[in-house]
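**Q** next comes the sequence, and after it the predicted model I'd like to discuss.
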Amino acid sequence: MNIEERLKQHYPDCEPIAVIGHASRFPDAADSDAYWANLLAGRECSRQFSRQELLDAGIPASVIDDPAFVPRGTVVPDAEAFDAELFGYSRQEAELLDPQQRLFLQMAWHALEHAGYAPRAVPHKTGVFGSARISTYPGREAINIAEVAHVRSLQSLMANDKDYVATRAAYKLDLRGPALSVQTACSSSLVATHLACESLRSGECDMAIAGGVAVSFPQVSGYLYQQGMIFSPDGHCRPFDAQAQGTYGGNGVAAVVLRRLSDALRDGDPVVAVVLGSAINNDGSQKVGYTAPSVLGQREVIADAWALAGVRSEQ
């Protein structure tokens, strides 16, 4: 039995999933339209920080003056801004919240609006599948494990731990489907989208929000380059280029709203894209190191996704 026959046996009806709404905020892109325009133009949206900017951000002079320091990064403007009243938070509660949690909540709201649904009044059973980077919010309070039973300590924990990013959005937007915070390191947002598609296909929910947020503070920063590590020596990322030397940490947030394609077409939802199929796997220990993907594992997961989508590689 070949791979296509095996997959079709287990997944006889791999229903296409419609993307019916989306929202995002990235460096030099306040919304999805601006982000798409940057992609089409091939714009690199990182920038070089001045010494004064770095000092004002709290980076020590000894670090800035280190020859290995790369003073380059990305900034999402107004990442700390938040309409607390709209989401039913007091000022004190909002100040405890990691801006990543606030940003994901706002993007979920905007993505629903973009899909044509009023937040807090969605008629469908809707799931939330989200991911977040570890909190580096300077306003968070240190968690003393001996005081976690106290109200403020527990509130601070829930406001900054990335485990709560999906369930917080479900609570604030009154969404009744599964709510999962997904963490698979760099692939978290895509895996969240895959899980959302599978949840829709299985009937766990009739609509889903999927996405992720990654904003580190201070955003005006940089890094100390170390030879042989993943970060670029000059702060530029050159994918698929002979001059590629590494990457750097970015900042941004995005969310999509998903429905089964048949349901979206029946209800007249705006279909902006279609997911024909997706797949995930792991290559176990058959690779050179823990963080290095194997060629065999990549080949197998790509073949699975093609087979589920009913698409041949030559197409």
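**A** On my side now, so go ahead. On a predicted model such as this, the values are computed, not experimentally measured, just so you know.

**Q** gap between the residue most central in space within the chain and S62?
**A** Nearest residue to the geometric centre of the chain (CA atoms, centre = their mean): G212, 2.1 Å. Applying CB to CB, to the nearest Å, the value for G212 to S62 is 34 Å. Where C-beta positions appear, they are placed from N, C-alpha and C, glycine not excepted.

**Q** one step back: nearest residue to the residue nearest to the centre of the chain other than its sequence neighbours?
**A** S189 (3.4 Å; CB to CB, 6 or more residues apart in numbering).

**Q** SS state for the residue lying closest to D267 once chain neighbours are set aside?
**A** Counting by CB to CB, 6+ apart, D267 lies nearest to R259, which is 8.0 Å off, once chain neighbours are set aside. Put simply, R259 is strand when judged by DSSP: H, G, I helix; E, B strand; the rest coil.

**Q** buried residues in the helix or strand hosting the residue nearest to the centre of the chain?
**A** According to DSSP states H and E, G212 maps onto strand 207-214. For strand 207-214, the neighbour count (16 or more other CB atoms under 10 Å) marks 207-214 as buried.

**Q** spit out the contact partners of L105.
**A** 87, 168-169, 172-173 (CB atoms under 8 Å, 6 or more residues apart in numbering).

**Q** the helices in the stretch 151-300 of the chain, which residues?
**A** 151-160, 165-172, 188-202, 261-267, 295-309 (DSSP state H, counting those that start in this stretch).

**Q** one step back: the residue nearest to the centre of the chain contacts T193, doesn't it?
**A** No: taking CB atoms under 8 Å as the definition, G212 is not a contact partner of T193, at 9.0 Å.

**Q** distance check, the closest residue to K287 other than its chain neighbours against A41.
**A** Nearest non-adjacent residue to K287, counting by CB to CB, 6+ apart: S294, 3.9 Å away. Distance of S294 to A41, given as CB to CB: 35 Å.

**Q** give me the more crowded residue out of the two.
**A** Neighbour totals were compared for S294 and A41, and S294 leads with 15 against 8 (other CB atoms under 10 Å).

**Q** any low-confidence regions in the protein?
**A** Applying pLDDT under 70 to the chain flags residues 1-13, 139-144, 148-149.

**Q** mind redoing it with 50?
**A** The chain contains residues with pLDDT under 50 at 3, 7, 11.

**Q** list the contacts for the closest residue to S50 other than its chain neighbours?
**A** Leaving out its chain neighbours, the residue that sits closest to S50 by CB to CB, 6+ apart is P71, at 7.9 Å. When contacts are counted by CB under 8 Å, 6+ apart, P71 touches 48-51, 54, 64, 222, 235.

**Q** same thing but 6 Å
**A** 49, 54, 222 (CB atoms under 6 Å, 6 or more residues apart in numbering).

**Q** the second one is in contact with S62, isn't it?
**A** Read that as L54. No: L54 is beyond contact range of S62, at 11.7 Å (criterion: CB atoms under 6 Å).

**Q** residues near L175, how many?
**A** L175, neighbours per other CB under 10 Å, totals 26.

**Q** equivalent analysis for R120, please.
**A** That count, for R120 with other CB under 10 Å as the rule, works out to 13.

**Q** phi, psi of D31?
**A** Backbone torsions of D31, given as degrees, to the nearest 10, read phi -150, psi 180.

**Q** distance of S278 from Q226?
**A** In terms of CB to CB, S278 sits 35 Å off from Q226.
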